[in-house]
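Undergrad: Provided below for reference: sequence and predicted model.
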Amino acid sequence: MSALDIDLFTSWLCEREHEACGHAGMCFHDPLAGFLSFQFGHVYGIDGFLYGPANAAYQQWKLLPYWAKLYVAHMERIAFRPVTGAQALDILADVELVLYAMRTRAA
């Protein structure tokens, strides 16, 4: 499994359901950045649709997978606010609905 696996992110958020797990839209404090930092063992950031370690040049950051790009776009609705695991899960559920609708239209 990739460190950017949606199921691993979901589990991580569930463990933090009732606590603040980050601040939406903040590069190194977004819940997805917190999850990546947890997964990789050092500080990671999210900027637009890129992610990478804080100690790497921005040009070395990688493109987020499609589900994570949708998540980041949805998080922009509540940017700069503290987010609990439950709130992030609600946004991730919206992302999963979009992905499901896309898959059913393509079939």
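TA: Cool, got the structure. Residues are numbered from 1 along each chain as shown.

Undergrad: Kindly check the end-to-end length of stretch 62-79 for me.
TA: 22 Å (C-alpha to C-alpha, to the nearest Å).

Undergrad: Which positions in the helix ranked longest in the chain come out as buried?
TA: Among the segments of the chain that qualify as a helix by DSSP state H, the longest is helix 85-106. By neighbour count with 16 or more other C-beta atoms under 10 Å, helix 85-106 contains the buried residues 85, 87, 88, 89, 91, 92, 95, 98. Where C-beta positions appear, they are placed from N, C-alpha and C, glycine not excepted.

Undergrad: Name the nearest of those relative to residue 22.
TA: Using C-beta to C-beta, the shortest approach to residue 22 within the buried residues of helix 85-106 belongs to residue 88, at 7.5 Å.

Undergrad: any idea of the pLDDT on that closest one?
TA: Per-residue confidence (pLDDT) for residue 88: 97.

Undergrad: Which residue, other than its chain neighbours, is closest to it?
TA: Leaving aside its chain neighbours, residue 88 sits nearest to residue 31 (4.5 Å; criterion: C-beta to C-beta, 6 or more residues apart in numbering).

Undergrad: How many neighbouring residues does that neighbour have?
TA: Applying other C-beta atoms under 10 Å, we find 29 other residues in the vicinity of residue 31.

Undergrad: The one 4 residues further on now?
TA: By other C-beta under 10 Å, the residues close to residue 35 number 25.

Undergrad: Show me what the helix or strand where it lies is packed against.
TA: If you go by DSSP states H and E, residue 35 is part of helix 31-40. When contacts are defined as 3 or more C-beta pairs under 8 Å, 6 or more residues apart in numbering; DSSP states H and E, helix 31-40 sits against helix 6-15, strand 20-23, strand 44-47, strand 50-53, helix 66-75.
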